[in-house]
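A.B. asks: just need the structure, nothing else, for what follows:
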Amino acid sequence: MPILADNVDIVIGVDSHRDNHVAAIIDPTTGAVVDDLTIVTDSDGYQQLSDWAHSRCPDGMMVWAVEGCGSYAAGLARHLQTADAWVIEVERPARPSKQQPAKTDLGDAVRAAREVLGRDIELLATPRQGPIRDRLAVLLMARQGAIDAAAAARCQLHAAILTAPDLLRQRFTGLPAKTKIRLAAGLRPDSYTNPETGDHARALQSIAERCQHNYQQANTLERQITELVKNWRPDLLELAGIGPITAANVLCAWSHPTRFRSEAAFAMCAGTAPIPASSGLTNRHRLNPGGDRQLNRHIHTIAVTRLRCDPETITYRHRRRAEGKTDREIRRCIKRYITRQLFKQLQHPPT
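C.D. replies: Below is the predicted model of the structure:
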């Protein structure tokens with residue numbers, strides 16, 4: 001198993017923040033800190049950081065271990081990838097407990113560099129990149145925000161109906177949620193002579209209109225996402241259990257063909273790589289709680305959909321049940337198979 005420490009001359013760990021980045025150079029042989037630098041987060045600072053790293057290792061192999069490539073370090077990651085640097089995306093550390101020593105920016109940069117030293121090269125992932133991928137990501141973020149706002153408005157509408165005067169509350173009794181929203185949006189507050197009832201009707205109307213507006217925004221964004229997916233990778237929509245939103249989330253995680261060196265690395269990112277949980281005469285694996293949880297959630301959606309509608313998946317479940325597998329273990333196996341299928345499809349699109 002080739003590990004990173006045996007194949008590079010220096011490792012540069014970067015702890016990213018909004019206004020500055022802290023970098024530390026680590027000797028892969030000893031793990032000692034060679035030098036550190038703090039830069040401002042602009043193009044001049046990125047170039048200063050790059051020049052500083054090359055001055056410490058002019059002809060050797062270097063690798064960048066960067067935290068927050070999808071947020072604060074997005075600009076640095078783009079700058080380094082444009083210069084054909086080897087960049088590895090590192091997860092941010094968990095918040096320290098009260099018993100642990102206080103964290104520092106330099107300490108986080110050193111931790112990021114040391115964390116990748118013992119990793120298998122085949123399991124490392126580079127940062128996400130690509131103009132279409134970035135467009136999909138921002139549209140997905142906006143759509144999810146609209147859906148969350150609509151859900152919050154629905155909860156507010158339900159609470160307001162519960163406390164409304166009897167004359168108003170009785171109009172909504174026994175109606176489904178969509179009908180309640182449509183009815184509340186069509187209320188005429190000025191038609192009520194009682195000021196209390198009129199104000200409740202005005203509040204219900206305002207909440208319902210906000211809910212409808214958010215759903216309209218979500219639908220508009222979903223159409224734009226669907227168009228992008230069809231123009232980029234329409235072959236994903238032909239796979240069982242995959243719709244436009246699921247395909248868009250998979251594409252955002254996969255990003256580009258060279259991001260993952262192997263199918264196992266993609267499974268680690270998706271949180272579907274099995275974790276051994278054997279003991280004594282028991283030989284089993286359990287679900288992986290790590291990786292990209294958004295990607296894992298959508299792979300779970302594909303698995304659940306196939307378990308309902310796909311004949312091959314249903315037959316597989318019956319066969320595994322006969323072997324003594326639990327539904328949870330069967331679902332884990334199906335998610336691992338889906339990850340393998342997605343990776344092969346993404347890496348080798350049909351001509």
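A.B. asks: so which residues of the stretch 1-150 of the chain form strands?
C.D. replies: 10-16, 20-26, 33-40, 62-67, 87-90 (DSSP state E, counting those that start in this stretch).
A.B. asks: distance to Q224 and mean neighbour count for these - can I get that in JSON lines?
C.D. replies: Any C-beta I mention is one placed from the backbone N, CA and C, and that applies to glycine too. Shown next, in JSON lines, are the strands of the stretch 1-150 of the chain (distance: least, C-beta to C-beta, whole Å; neighbours: other C-beta atoms under 10 Å):
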{"stretch": "strand 10-16", "distance to Q224": "30", "mean neighbour count": "27"}
{"stretch": "strand 20-26", "distance to Q224": "33", "mean neighbour count": "23"}
{"stretch": "strand 33-40", "distance to Q224": "35", "mean neighbour count": "16"}
{"stretch": "strand 62-67", "distance to Q224": "30", "mean neighbour count": "24"}
{"stretch": "strand 87-90", "distance to Q224": "27", "mean neighbour count": "24"}
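A.B. asks: redo these as TSV? Include mean pLDDT and distance to W254.
C.D. replies: Putting the strands of the stretch 1-150 of the chain into TSV (pLDDT from 0 to 100; distance: least, C-beta to C-beta, whole Å) gives the following:
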stretch	mean pLDDT	distance to W254
strand 10-16	94	23
strand 20-26	95	26
strand 33-40	94	30
strand 62-67	92	19
strand 87-90	89	13
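A.B. asks: of all these, which one is nearest S262?
C.D. replies: Proximity of the strands of the stretch 1-150 of the chain to S262 was assessed by C-beta to C-beta; the nearest stretch is strand 87-90, lying at 14.5 Å.
A.B. asks: for the closest one, name the packing helices and strands.
C.D. replies: Applying 3 or more C-beta pairs under 8 Å, 6 or more residues apart in numbering; DSSP states H and E, one finds that strand 87-90 contacts strand 62-67, helix 74-82, helix 105-117.
A.B. asks: who's in contact with that strand?
C.D. replies: 13, 63-67, 69-70, 77, 80-81, 112, 115-116, 124-128 (C-beta atoms under 8 Å, 6 or more residues apart in numbering).
A.B. asks: in the stretch 1-150 of the chain, where is pLDDT below threshold?
C.D. replies: The model of the stretch 1-150 of the chain has pLDDT under 70 over residues 1, 93-102.
A.B. asks: for the protein, longest helix please?
C.D. replies: In the chain, with assignment by DSSP state H, the single longest helix is helix 195-232.
A.B. asks: now the angle between helix 195-232 and the helix or strand following that helix, please.
C.D. replies: For helix 195-232, the following helix or strand on the C-terminal side (DSSP states H and E) is helix 244-254. Here helix 244-254 points in a direction 60 degrees away from that of helix 195-232 (axes from the mean of the first three to the mean of the last three C-alpha atoms, to 10 degrees).
A.B. asks: quick one: mean pLDDT over the helix or strand just after helix 244-254.
C.D. replies: Using DSSP H and E, the next helix or strand after helix 244-254 towards the C-terminus is helix 263-270. The average pLDDT for helix 263-270 rounds to 91.
A.B. asks: who does the helix or strand just after helix 263-270 pair up with?
C.D. replies: Using DSSP H and E, the helix or strand that follows helix 263-270 in sequence is strand 275-276. Next to strand 275-276 in the sheet, as set by DSSP bridges, lie strand 285-286 (antiparallel).
A.B. asks: contacts for the partner strand, please.
C.D. replies: With C-beta under 8 Å, 6+ apart as the test, strand 285-286 has contacts from P274, I275, P276, A277, S278, E329, R332.
A.B. asks: on contacts alone, who are the packing partners of whichever helix or strand comes after it?
C.D. replies: Next helix or strand after strand 285-286 toward the C-terminus (DSSP H and E): helix 293-309. Counting by 3+ C-beta pairs under 8 Å, 6+ apart, the packing neighbours recorded for helix 293-309 are helix 244-254, helix 263-270, helix 311-322, helix 327-347.
A.B. asks: and the contacts of the shortest one?
C.D. replies: Outside of helix 263-270, the residues that reach it under the criterion C-beta under 8 Å, 6+ apart are 122-125, 253-254, 260, 273, 288, 290-292, 295-296, 299, 335-336, 339-340, 342-344.
A.B. asks: about what we covered before: what mean pLDDT does the longest helix of the chain have?
C.D. replies: For helix 195-232, the per-residue pLDDT averages 96.
A.B. asks: in CSV, list the strands of the stretch 1-150 of the chain along with distance to A185.
C.D. replies: What follows is the strands of the stretch 1-150 of the chain, written out as CSV (distance: least, C-beta to C-beta, whole Å):
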stretch, distance to A185
strand 10-16, 44
strand 20-26, 48
strand 33-40, 49
strand 62-67, 45
strand 87-90, 45
